[in-house]
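K.L.:
Fold the following, please.
(one chain, ligands or ions: 3)
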Amino acid sequence: MEKRVYIRTYGCQMNERESESLSVILRNGGYEMVSSEHSANIILLNTCSVREQAEAKAIGKSNLISRGKNREKLVGILGCMAQNLGEILCKKSPNTRLIVGPNRTEKIPTYLDQLLRDKNRRIIDIEMGSIDRDFAAAHDEKKIKASMFVSIMRGCNMHCAYCIVPKTRGPEWYRPMEDIIHEIQWLAERGTKEVTLLGQIVNNYGIQQMPFMDKKSPFVQLLEKVQEIDGICRIRFLSPHPKGFKFDLIDAYGKLSKLCPHVHLPLQSGSDRILKAMRRPYKVEQFSSIITALREIIPTISISTDMIVGFPGETEDDFRATCELFDEIKFDMGFIFKYSIRPGTIAEQFDDHIPQEAKEMRNQILLQKVEYYSRQYNESMIGKVKEVLVESHAKRGEQQLEGYTPEHKKVIFSGTEDLIGQLINIKIEQYGASTLFGKRV
Ligand code: SAH
Ligand code: SF4
Ligand code: F3S
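P.N.:
Ligands and ions are numbered 1, 2, ... in the order given. Down below sits the predicted model:
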């Protein structure tokens, strides 16, 4: 029986990480992982629901691959959209035979065995349940890279009015600290130098379940433990939430040498009125004071964010406040999202929706700001020698490699393959909107 699987991943880093664990348990279950859908007889789409467009893309894809000469292929939809739509997906994507939510991914090898045996069956599993500890830690030993993702938790307990994630991922669940440390040690022994700790709100890790120690939250205690791991040179995390970004975490930037000088802190709006309507439990002033405190410790720290434009009721004044805050903070990187109504969320009930053209215009304005401040930041790096973790060949150009500075700025430079996985010094000579160019020194 053919058992060749291709996994296509949409959505956030959490999904990427889960696709990686899934490929390990599939291989252990006798499946072969292939790198193109043409050579696979099983195609699994690990999907995202965060915006309507993300869902439409995955549904379009599932319908495309299950037509014509691909008819025989077994198509499965996994991840957040499977959880969000469940049975509805049977209508939207009639040839899909496997629908599994993100909390049940570890069951997929068993389900595929059953589906291969019985061609007329369809399996839907969107139970919430707890997550298997071994599944959460699984990495493919042959594919360990210099920079790896490590999930430290799942789910979200917040109720942001626009967001589908609490519905698709369920309540917060924290991995035991010793599992995380053990996983990172295992990665470090195999050449990993940088880890990015993942969670919907990483600074909520262990909250109310694990004790504070010396006024330090469980998340900061975890960072301190990762700092001690030999071989790990850089620590990153995604995403913290402004609400729990307290002094213990701010201080960590001054104390933990491996913590990278970059923070991705989602703001969503620069208007207190809109933040309140979004049910984001902080004010602009609190957000700004976190940034000020971080810049006192590391003046050149890179600050990136997520913003939503066109949330219901967002007036020109609200948007102006967002622009002003953007100019004040000078985020050097940002992801700008046009508000998308998500079924079942609180904001779905709001009636003061913003016309598409206004969303489009606000989106463009913020994108221009991101580019402007990103260029400004990049310009300030010209002439500096930066430590770069070399990750891969660059997409274009022979003998061109790419890697990241501690601030998470991509650098392209000439070099040979043997440098991949190493930390080297690069003198920055040129810059574009989102990339730096330099020379090895
Ligand atoms: N847990 C993270 C966010 C995860 S979702 C946090 O709270 O910071 C990633 C980003 O998608 C969010 O920060 C938000 O900017 C965007 N997003 C979420 N729901 C959205 C929606 N309905 N429409 C547009 N953007 C949305
Ligand atoms: Fe969504 Fe808010 Fe939770 Fe982030 S904190 S995942 S935006 S509900
Ligand atoms: Fe999307 Fe689910 Fe991640 S909705 S952003 S894949 S948590």
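
K.L.:
so how far is the strand or helix carrying Glu224 from its chain's centroid?
P.N.:
Assigning secondary structure by DSSP states H and E places Glu224 in helix 218-227. Distance of helix 218-227 from the chain centroid (Cα atoms, centre = their mean, to the nearest Å) equals 20 Å.

K.L.:
Just the C-alphas of it, formatted as CSV.
P.N.:
Taking C-alpha atoms only, helix 218-227 is exported to CSV below (Å, rounded to 0.1, in the frame of the first residue of the first chain):
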residue,chain,number,x,y,z
PRO,A,218,7.3,30.8,35.4
PHE,A,219,8.1,32.2,31.9
VAL,A,220,11.1,34.2,33.1
GLN,A,221,12.2,31.1,35.2
LEU,A,222,12.0,29.1,31.9
LEU,A,223,14.1,31.7,30.1
GLU,A,224,16.7,31.5,32.8
LYS,A,225,16.9,27.8,32.5
VAL,A,226,17.3,28.0,28.7
GLN,A,227,20.1,30.5,29.2
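
K.L.:
by how many degrees do the following helix or strand past it and helix 218-227 diverge?
P.N.:
The first helix or strand that comes after helix 218-227 along the chain, using DSSP H and E, is strand 234-238. Per axes from the mean of the first three to the mean of the last three Cα atoms, to 10 degrees, the angle that strand 234-238 makes with helix 218-227 is 150 degrees.

K.L.:
hmm, who's touching the helix or strand just after strand 234-238?
P.N.:
Using DSSP H and E, the helix or strand that follows strand 234-238 in sequence is helix 247-255. By Cβ atoms under 8 Å, 6 or more residues apart in numbering, the list of residues contacting helix 247-255 from outside reads 203, 215-217, 219-220, 223-224, 240, 259, 261, 290, 293-294, 297-298, 301. From N, CA and C alone the C-beta is placed, and that goes for glycine too.

K.L.:
For the longest helix seen in the chain, buried residues please.
P.N.:
With secondary structure taken from DSSP state H, the chain has its longest helix at helix 356-379. Neighbour-count burial for helix 356-379 flags 359, 362-363, 366, 369-370, 373-374, 377-378 (criterion: 16 or more other Cβ atoms under 10 Å).

K.L.:
Against Tyr373, how distant is Asn120?
P.N.:
56 Å (Cβ to Cβ, to the nearest Å).

K.L.:
Also Arg320?
P.N.:
17 Å.

K.L.:
Would stretch 242-262 count as contacting ligand 2?
P.N.:
No: counting by Cβ under 6 Å from any ligand atom, ligand 2 has no neighbours in stretch 242-262; the shortest distance is 8.6 Å.

K.L.:
about what we covered before: ChimeraX command to pick out the buried ones of the contacts of helix 247-255?
P.N.:
The ChimeraX command for the buried members of the contacts of helix 247-255 (criterion: 16+ other Cβ under 10 Å) is given here:
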select :203,216,217,219,220,223,224,240,259,261,290,294,298,301
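
K.L.:
ok, Ser257 touching Gln227?
P.N.:
Yes: look at Ser257 against Gln227 with Cβ atoms under 8 Å: they come within range, at 7.2 Å.

K.L.:
More neighbours: those two, which one.
P.N.:
Gln227 (15 against 9; other Cβ atoms under 10 Å).

K.L.:
so how many other residues sit close to the closest residue in space to that one that isn't next to it in sequence?
P.N.:
Spatially, and ignoring its direct neighbours in sequence, Gln227 is nearest to Leu256 (4.7 Å; Cβ to Cβ, 6 or more residues apart in numbering). By other Cβ under 10 Å, the residues close to Leu256 number 16.

K.L.:
Would you quantify the distance from Leu256 to ligand 1?
P.N.:
Note on Leu256: its distance to ligand 1, by Cβ to the nearest ligand atom, to the nearest Å, is 22 Å.

K.L.:
Isn't Gly86 up against Ile126?
P.N.:
Yes: counting by Cβ under 8 Å, Gly86 does reach Ile126; the two are 4.8 Å apart.

K.L.:
Can I get stretch 162-178 in PDB, CA atoms only?
P.N.:
Taking Å, rounded to 0.1, in the frame of the first residue of the first chain, the C-alpha atoms of stretch 162-178 are listed here in PDB:
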ATOM      1  CA  TYR A 162     -12.000  39.600  16.700                       C
ATOM      2  CA  CYS A 163     -10.100  36.400  17.400                       C
ATOM      3  CA  ILE A 164     -10.900  32.800  16.500                       C
ATOM      4  CA  VAL A 165      -7.900  31.200  18.200                       C
ATOM      5  CA  PRO A 166      -9.500  30.500  21.600                       C
ATOM      6  CA  LYS A 167     -12.200  28.600  19.700                       C
ATOM      7  CA  THR A 168      -9.700  26.600  17.600                       C
ATOM      8  CA  ARG A 169      -7.100  26.000  20.200                       C
ATOM      9  CA  GLY A 170      -9.100  25.800  23.400                       C
ATOM     10  CA  PRO A 171      -7.800  27.000  26.800                       C
ATOM     11  CA  GLU A 172      -4.200  27.400  27.800                       C
ATOM     12  CA  TRP A 173      -2.200  24.200  28.400                       C
ATOM     13  CA  TYR A 174       1.400  24.400  29.500                       C
ATOM     14  CA  ARG A 175       4.100  21.800  28.800                       C
ATOM     15  CA  PRO A 176       6.000  20.800  31.900                       C
ATOM     16  CA  MET A 177       9.200  22.900  32.200                       C
ATOM     17  CA  GLU A 178      11.400  19.800  32.400                       C
END
